[in-house]
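> got a structure for you, letters missing:
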C-alpha cells in the first residue's frame with residue numbers, strides 16, 4: 001500500500017454556457033486530474049478545480065506544486081498514513097485545492113486496495129444525496145426558465161441563486177421572479193460571493209424577507225469582521241460561511257465570532273481528511289452544513305456526494321451537485337445521472353468511478 005508516484009494532468013473542457021457570479025466567471029473547466037499510484041498497482045484519482053479569484057490557485061500552479069513538492073514529499077508513504085501525508089503537504093502554505101485532490105486520490109486508492117467504497121470508510125450513513133442546482137447571473141426570465149428546466153428534467157427542487165450585483169435590485173428581482181415562477185414548495189437560497197457591503201446585503205435581505213429563503217451565503221467580504229457580525233444579527237435565516245472558512249480553524253473563528261451560523265463543506269478545498277474535521281466541528285457546535293460545489297466536473301461531484309452521503313448531518317440538506325450539467329463533456333467512463341432530484345453513490349471500490357483514457361487523451365493539455 002505504499003505510494004510510488006503522483007501524477008498531475010491538466011485538462012480543459014468547455015462549458016456549454018459561462019457561469020457568472022460576483023467574484024468572476026467560468027467558461028472553460030481548466031482542471032487537473034491527480035492520480036496516486038501504489039506498489040500494488042492501484043491508481044487512485046481525484047479532480048482539482050482551481051479558482052484563482054477565490055484561493056489564488058491556477059491550473060499551472062496545481063500541476064507545479066503537485067509535481068515539484070507534494071509528489072516527492074509523500075512518495076514512499078503508506079495509504080494508511082493519511083495524517084503523516086497531510087502533515088507533509090502542510091509544510092507548504094496555501095494550495096488548498098491541490099492538497100485536497102492529493103488527499104482524495106489517496107482515499108480512493110485506499111478504498112480500491114481494500115475493495116471498499118470510500119463512503120463506507122468515511123461513515124456509510126446513506127447512498128445518495130438530494131441535489132441543489134446553482135443559478136448564475138442572467139435576466140430573471142432566463143433564470144426562471146433554467147430552474148424550470150432543471151426541475152422538470154431532473155426533479156431538482158432546491159436552487160442556489162447567485163447574487164451580489166450592483167444595484168442589488170437586479171438580484172432581488174431575480175429571486176422574487178424565481179419564487180413566483182417556481183412556487184412555495186421549491187427551496188431557494190442566495191450566495192453573494194462577497195459582492196455586497198454589509199449594509200447593502202442587509203437591505204437586500206430585508207426586501208427578500210417574504211420570499212422564504214433557506215440560507216444566505218457570503219454576502220459581504222470575509223475580512224469585514226464587524227460588518228459580517230452585524231449582518232448576521234440582521235438576518236432571520238442561517239448565514240453560511242463558505243470562502244471565509246477554508247480550514248477547520250477558519251470555521252471555528254467564523255462561528256464563535258458570530259460571523260456565520262452555518263458552514264459550507266467543499267471537498268475540493270478540504271479533501272476528505274479535513275472535511276471530516278469540519279463536519280465533526282460543525283456537529284459539535286450544532287450548526288447546519290451544506291455540501292458546496294466549486295464548479296466541479298463529474299469526478300469532483302462524485303467526491304462531494306461520496307463524502308456528503310457518509311454522514312447524517314450532511315444529508316439533511318440538498319448538496320450542490322449539478323453544475324457538471326453545464327459542461328460540454330467529461331472524463332468519466334459512465335456519466336453521472338441525477339434521478340428524481342438525487343445523485344447516488346456508485347457501487348464499487350473507492351469512489352466507484354473511472355477515467356475514460358480516450359477522453360483524457362483528447363482533453364489533456366500537457367501533450368500536443
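Thanks, I have the structure now. All values derive from a computational prediction rather than experimental measurement.
> residue contacts, residue 202?
230-231, 234-235 (CB atoms under 8 Å, 6 or more residues apart in numbering). Where C-beta positions appear, they are placed from N, C-alpha and C, glycine not excepted.
> Also residue 285?
Residues near residue 285 by CB under 8 Å, 6+ apart: 255-256.
> again, only this time at 10 Å
251-252, 255-256, 261, 263 (CB atoms under 10 Å, 6 or more residues apart in numbering).
> Of those residues, keep whichever come out buried.
251, 255, 261, 263 (16 or more other CB atoms under 10 Å).
> can you list those in a markdown table and add distance to residue 177, secondary structure and pLDDT?
What follows is those, written out as a markdown table (distance: CB to CB, whole Å; DSSP: H, G, I helix; E, B strand; the rest coil; pLDDT from 0 to 100):
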| residue | distance to residue 177 | secondary structure | pLDDT |
| --- | --- | --- | --- |
| 251 | 34 | helix | 95 |
| 255 | 33 | helix | 95 |
| 261 | 27 | coil | 96 |
| 263 | 29 | strand | 97 |
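> could I get these as a markdown table with distance to residue 98?
As requested, those are exported to a markdown table (distance: CB to CB, whole Å):
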| residue | distance to residue 98 |
| --- | --- |
| 251 | 21 |
| 255 | 26 |
| 261 | 30 |
| 263 | 22 |
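> and of these, the nearest to residue 307?
residue 263 (13.6 Å; CB to CB).
> quick one: the closest one and residue 55, what's the gap?
According to CB to CB, to the nearest Å, residue 263 and residue 55 sit 17 Å apart.
> now do residue 252
19 Å.
> same deal with residue 354?
28 Å.
> who's more crowded, these two?
Using other CB atoms under 10 Å, the more surrounded residue of residue 354 and residue 55 is residue 55, with 19 against 16.
> Please name the residues that touch the closest residue to the more buried one other than its chain neighbours.
Excluding the flanking residues, the one nearest residue 55 by CB to CB, 6 or more residues apart in numbering is residue 96, at 5.7 Å. Going by CB under 10 Å, 6+ apart, residue 96 touches 48, 51, 54-57, 246-247, 266, 268-271, 274.
> can you pull up the bridge partners for the closest residue to residue 76 other than its chain neighbours?
Leaving aside its chain neighbours, residue 76 sits nearest to residue 2 (6.2 Å; criterion: CB to CB, 6+ apart). Beta-bridge partners of residue 2, counted by DSSP bridges, are residue 78.
> Does residue 2 touch residue 41 like I think?
No. In this structure, residue 2 is not within contact of residue 41 by CB atoms under 10 Å, at 11.7 Å.
> all strands for the stretch 151-300 of the chain, in order.
Counting by DSSP state E, counting those that start in this stretch, the stretch 151-300 of the chain has strands at residues 158-162, 187-191, 216-217, 239-241, 262-265, 288-291.
> Throw together a ChimeraX command that grabs the buried residues out of the contacts of residue 202.
Under the burial definition 16+ other CB under 10 Å, those of the contacts of residue 202 that qualify are selected in ChimeraX by:
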select :230,231,235
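> Reformat the contacts of residue 202 as CSV; add pLDDT and distance to residue 108.
CSV is the format used below for the contacts of residue 202 (pLDDT from 0 to 100; distance: CB to CB, whole Å):
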residue, pLDDT, distance to residue 108
230, 97, 43
231, 96, 39
234, 91, 43
235, 90, 38
